[in-house]
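S.K.: Just a sequence and a predicted model for now, questions to come.
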Amino acid sequence: MKLHDLRPNPGAKKKRKRVGRGTATGQGKTAGRGTKGQGARSGGGKGAYFEGGQLPLARRLPFKRGFTNIRKITYKPVNLNRLAEFDFGDVEVTPEIMSQIGLIKKPTDPVVILGDGEINVSLTVKAHRFSTAAREKIEAAGGTVEVLPYN
């Protein structure tokens with residue numbers, strides 16, 4: 001098969017109906033619009049919003065306040081008391097390891113480390129965000145904090 005052999009499937013391409021081109025076509029004179037009235041005029045017809053004079057649905061519903069920020073990042077919180085489960089020191093805690101042990105669901109989710117609880121082992125914690133209290137407690141225990149970039 002070559003490029004010049006390619007054809008659309010039978011019935012896939014239909015010719016457009018040319019209305020208002022004489023009575024022989026069957027769509028002459030009024031061009032299928034009927035005689036007179038709103039639908040016969042150019043630009044005629046009701047809008048998609050119109051419901052026969054009834055108050056339209058969009059006006060009957062209560063107003064949606066504010067807006068939804070499509071660039072909002074929802075962080076998955078992990079508290080320090082959950083990181084204290086790593087009771088042996090000098091461990092690198094990453095989102096991948098957190099998802100393996102069940103602290104978060106997906107390793108691709110952005111993680112924030114919060115300062116609830118105490119930690120007394122030196123850990124290298126890698127996350128996308130840290131609260132001030134969490135950062136201070138990790139560094140006080142002899143660990144290090146590394147902020148990961150989030151795309």
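M.R.: Great, that's in hand. Numbers count the residues shown, from 1 in each chain.

S.K.: ok, now which ones touch Gly45?
M.R.: By C-beta atoms under 8 Å, 6 or more residues apart in numbering, the contact list for Gly45 reads Gln38, Gly39. C-beta coordinates here come from the backbone N, C-alpha and C atoms, glycine included.

S.K.: for the one 4 residues further on, same thing?
M.R.: With contact taken as C-beta under 8 Å, 6+ apart, Tyr49 is in contact with Pro56, Ala58.

S.K.: After the helix or strand of the chain with the lowest mean pLDDT, which helix or strand is next?
M.R.: Ranking every helix and strand in the chain by mean pLDDT, DSSP states H and E puts helix 57-60 at the bottom, with a mean of 86. Next in sequence after helix 57-60, counting helices and strands by DSSP states H and E, comes strand 76-79.

S.K.: What helices and strands are in contact with that following strand?
M.R.: Strand 76-79 is packed against strand 111-114, with contacts defined by 3 or more C-beta pairs under 8 Å, 6 or more residues apart in numbering; DSSP states H and E.

S.K.: So what are the sheet partners of the strand it packs on and their directions?
M.R.: strand 76-79 (parallel), strand 129-130 (parallel) (DSSP bridges).

S.K.: Can I get the ones you listed in a markdown table including mean neighbour count and mean pLDDT?
M.R.: Putting the strands paired with strand 111-114 into a markdown table (neighbours: other C-beta atoms under 10 Å; pLDDT from 0 to 100) gives the following:
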| stretch | mean neighbour count | mean pLDDT |
| --- | --- | --- |
| strand 76-79 | 18 | 96 |
| strand 129-130 | 18 | 96 |
